[in-house]
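Novice: Here is my input, please return the structure:
(2 chains)
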Amino acid sequence: GAGVSQSPSNKVTEKGKDVELRCDPISGHTALYWYRQSLGQGLEFLIYFQGNSAPDKSGLPSDRFSAERTGGSVSTLTIQRTQQEDSAVYLCASSFSSGGVFEQFFGPGTRLTVL
Amino acid sequence: DAKTTQPPSMDCAEGRAANLPCNHSTISGNEYVYWYRQIHSQGPQYIIHGLKNNETNEMASLIITEDRKSSTLILPHATLRDTAVYYCIVRVGSSNTGKLIFGQGTTLQVKP
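Specialist: Here you go, the predicted model:
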């Protein structure tokens, strides 16, 4: 079946512009996560959505970052007024919420470059 | 901060077993140990997880010490395609889902 998909695969933008990154989770997965990985760094948690519960935004680095999840499916991560330090690979993952299943399935990521 | 400590790098000969250690001395009683790996330029891939007992699947085995303060991931017959960064993670959050806190991981280089 289809895995987690993300678009675009690559995004180059100018400093100060806004960008939107999209994630399509695996059908039926109620939990959705965003992470980012800067060059040479480990993966950093940003935000996660679980069903209809309030999202856990504890990893968002600043108020320029926000995310939405519409209809419990597709999610969009928005970065406003991008800065060069926002350059990274942004990874989305999804998982079931039912008991006994713990695996997060990751998408291929969106590579964001801020010039 | 990650609750795990791993060696930054390891080498393994192709066809031999790769044993990747992880320390998690502050793990709580209801926290699981997860292993993921990330092959270059790809998203992380789940390998295995465990709570108390040793676990085995088609990819690997997970050995957890009795006091749960450390664990070892075993790839029984490493291949060149197993070259990757391996992350040992203690999962936080709810009983079913929760954010993963990744450390720096261990870069495993499988050599011919």
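
Novice: ok, the closest residue to B:I74 other than its chain neighbours - contacts?
Specialist: In space, and not counting its chain neighbours, B:I74 is closest to B:S61: 4.4 Å by CB to CB, 6 or more residues apart in numbering or on different chains. For glycine as for every other residue, the C-beta is placed from the backbone atoms N, C-alpha and C. Residues near B:S61 by CB atoms under 8 Å, 6 or more residues apart in numbering or on different chains: B:I48, B:N54, B:E55, B:L73, B:I74, B:P76.

Novice: With B:P7 instead?
Specialist: Per CB under 8 Å, 6+ apart, neighbours of B:P7: B:P21, B:T106.

Novice: In space, what's closest to the residue of chain A found nearest chain B - neighbours in sequence excluded?
Specialist: In chain A, the residue found nearest to chain B is A:F106; the distance is 3.2 Å by CB to the nearest CB. Nearest-residue entry for A:F106: B:G43, 3.2 Å, with adjacent residues in sequence omitted and distances by CB to CB, 6+ apart.

Novice: ok, the one you found touching A:T110?
Specialist: No: assessed by CB atoms under 8 Å, B:G43 is found out of contact with A:T110, at 10.8 Å.

Novice: most surrounded residue in the contacts of B:S61?
Specialist: Per-residue neighbour counts (other CB atoms under 10 Å in any protein chain shown) across these peak at B:L73, which has 25 neighbours.

Novice: Chain B: strands as residue ranges?
Specialist: Using DSSP state E, the strands of chain B run over B:9-13, B:18-23, B:33-38, B:45-50, B:55-56, B:61-64, B:70-75, B:84-90, B:106-111.

Novice: What of chain A?
Specialist: Using DSSP E, strands in chain A cover A:5-7, A:10-13, A:19-24, A:31-37, A:43-50, A:65-69, A:75-79, A:88-95, A:105-106, A:110-114.

Novice: and the gap between B:V33 and A:E20?
Specialist: 36 Å (CB to CB, to the nearest Å).

Novice: quick one, which of those two is more surrounded?
Specialist: B:V33 (25 against 15).

Novice: quick one: average pLDDT of stretch A:42-57?
Specialist: Across stretch A:42-57, pLDDT averages out at 88.

Novice: Contacts for it, please.
Specialist: Stretch A:42-57 has contacts (CB under 8 Å, 6+ apart) with A:30-38, A:58-61, A:65, A:67, A:69, A:72, A:75, A:77, A:90-91, A:97, B:2, B:38, B:44, B:87, B:93-94, B:97-105.

Novice: Let's see the ChimeraX selection covering just the buried ones among those residues.
Specialist: A single ChimeraX command is used to select the members of these judged buried by 16 or more other CB atoms under 10 Å in any protein chain shown:
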select /A:30,31,32,33,34,35,36,37,59,60,65,67,69,75,77,90,91,97 /B:2,38,44,87,97,98,99,100,101,102,103,105
